[in-house]
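**Q** What shape does this take:
(2 chains)
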Amino acid sequence: MAWEVALYNLFSVLIYPGVVFLVALALIYQWVDRRFFAKLQNRYGPNYTGPIGILQPLADLMKLLAKEDIEPSAVDKHLFRAVPILILTLPLAALFMVPITESSALVSFEGDLIFIIFIMTLVAILAFLGGWGSTNMFSTLGGMRAALQTLGYEVPMAVSFIGPAILAGSLSISKIVEWQASQGFWTILLNPLGFGIVIVAFLAELERIPFDIPEAETEIVAGWQTEFSGRKLALIRLAFDLELVLASGLAAALFLGGPTGPIPSIPGVVWFIIKTLVIVLIIAYLRALFARFRIDQMVSGSWRYLVPLSILQIVILELLLGWR
Amino acid sequence: MWRELFTSLPFIIIVSLATALLLYWYGGRISPKGEKTPGKLSQYACGEELPAEKLQVNVERFFIYAVYFMVFDILAFMLATSLGSPGFVPALYATITLLAVILLLPILRIRMG
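**A** Predicted coordinates for the structure are as follows:
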């Protein structure tokens, strides 16, 4: 009996909802993002590979893996090799703590919300180290901009995460989802400002327009990713796709009730996919709307508007809870 | 024991690291090893010749802020959250902070002053 449970846990970690499922979800969400973004710009997007172009992200991944991996002679070899591997490890490890199929995630402990914030900061630091270790002026500039951008979005994101934690009385994402399921309403009803701030902060964290300053294609070639090619670039691209799943899964779990829904007979993973698809579409929509900000606009705007709004949200939440 | 091993945090970090290393190795196997020419080995600068150097950041002037952060944020957080279970771990944190402050701050003052 214990062996069967252990084998089931191993299957859950490796296949479903584990590594294979998460990578497939990441590639599909990249396809959704590209199709919707293209539709908003009056063009088709991926159309050719597979039935409706759904195999395009996988084809891009395989193509990049099969290209020659050029290492310039002046780079810091250890950093240059370690950054792509580590930047893929971190979001994948963080995704195990997000509830996907049922209201409690595969790995859950008290305080794993703080741990996920820690992992997101580490990803930004790795972006800086990748740019710095590439010894290319464009890369260094892109890396510094990535680090500066983290200064901007980190504080409002963390403060907004605490809103649902205060409501549920726990710092564990699984407990927050269970609280929402037991109470019957989603925390977004009491935390709308927090949800908006989290979406904006995730746009900055995923380095999407209007916050794609670290890899501004028209300004600094490819930012901190300039010197990476072949399998290293493939790992970096896959890492950012996994970060999209992580960001939308986290927002769905904290604010929209995660993999639970009003109709109990539908499996949890269907609710998870619906809610995260809504968030992915919101992010793609915001991408198509705006132009790129400057880095000083981004950081000063975040500290001037986002941080006071997130603190205001916490104040309102506490007053509401105290008044009840 | 095995049941909790497979859903513990260290195991999934190892699984994620193994996935990344597996993809990295597989890309190494199916990609061609081209010949190294001087043009390929220089960095990408849109056709210009730029010297390859790492940006030398002077971190020493930020060290005092790191010490402030360590004492008021990390150590205080640790002590506040471990009020219920004092013992070895908070003592370890406090000892490391104490050693850092005693040993490293005078060195910094000598180097900068």
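**Q** and the residue of chain B found nearest chain A, what does it touch?
**A** The nearest approach of chain B to chain A comes at B:Gly27, 2.8 Å away (CB to the nearest CB). To be clear about C-beta, it is placed using only N, CA and C from the backbone, and glycine gets the same treatment. Contacts for B:Gly27 (CB atoms under 8 Å, 6 or more residues apart in numbering or on different chains) come out as A:Leu64, A:Leu65, A:Ala66, A:Asp69, A:Gly230, A:Arg231, A:Ala234, A:Leu235.
**Q** Could I get the pLDDT score of it?
**A** Predicted confidence (pLDDT) for B:Gly27: 91.
**Q** Going by secondary structure, it is in what exactly?
**A** helix B:9-30 (DSSP states H and E).
**Q** So is the following helix or strand past that helix next to chain A?
**A** Following helix B:9-30 in sequence order, the next helix or strand is helix B:38-41 (DSSP H and E). Yes: using CB under 8 Å from any CB of the partner chain, helix B:38-41 reaches chain A at B:Lys40, B:Leu41.
**Q** quick one: contacts of whichever helix or strand comes after helix B:38-41?
**A** Using DSSP H and E, the helix or strand that follows helix B:38-41 towards the C-terminus is helix B:63-69. By CB under 8 Å, 6+ apart, the list of residues contacting helix B:63-69 from outside reads B:Ala100, B:Val101, B:Leu104, B:Leu105, B:Leu108.
**Q** between the contacts of B:Gly27, which is closest to chain B?
**A** Looking across those and measuring by CB to the nearest CB, the closest to chain B is A:Arg231, at 2.8 Å.
**Q** Pull the contacting residues for that closest one.
**A** A:Arg231 is in contact with A:Leu64, A:Leu65, A:Lys67, A:Asp69, A:Pro84, B:Leu23, B:Tyr24, B:Tyr26, B:Gly27, B:Gly28, B:Ser31, counting by CB under 8 Å, 6+ apart.
**Q** Phi, psi for the closest residue to the fourth one other than its chain neighbours please.
**A** The shortest distance from A:Asp69 to any residue other than its chain neighbours is 3.5 Å, reached at A:Gly230 (CB to CB, 6 or more residues apart in numbering or on different chains). In this entry, A:Gly230 is assigned phi and psi values of phi 70, psi -130 (degrees, to the nearest 10).
**Q** Run a quick neighbour tally on A:Gly230.
**A** Residues near A:Gly230, counting by other CB atoms under 10 Å in any protein chain shown, number 22.
**Q** Tell me who's in contact with it.
**A** A:Gly230 touches A:Leu64, A:Leu65, A:Lys67, A:Glu68, A:Asp69, A:Ile70, B:Gly27, B:Ser31, counting by CB under 8 Å, 6+ apart.
**Q** Need the three-state assignment for the first one.
**A** Same thing as A:Leu64. helix (DSSP: H, G, I helix; E, B strand; the rest coil).
**Q** one step back: report the buried members of the contacts of helix B:63-69.
**A** Buried subset of these (neighbour count, 16 or more other CB atoms under 10 Å in any protein chain shown): empty, as none qualifies.
**Q** contacting residues around A:Leu122?
**A** Taking CB under 8 Å, 6+ apart as the test, what A:Leu122 contacts is A:Leu90.
**Q** Model confidence for it, exactly?
**A** 93.
**Q** how close does it sit to chain B?
**A** 12 Å (CB to the nearest CB, to the nearest Å).
**Q** Next: A:Lys232.
**A** Plainly put, A:Lys232 is 8 Å away from chain B if you go by CB to the nearest CB.
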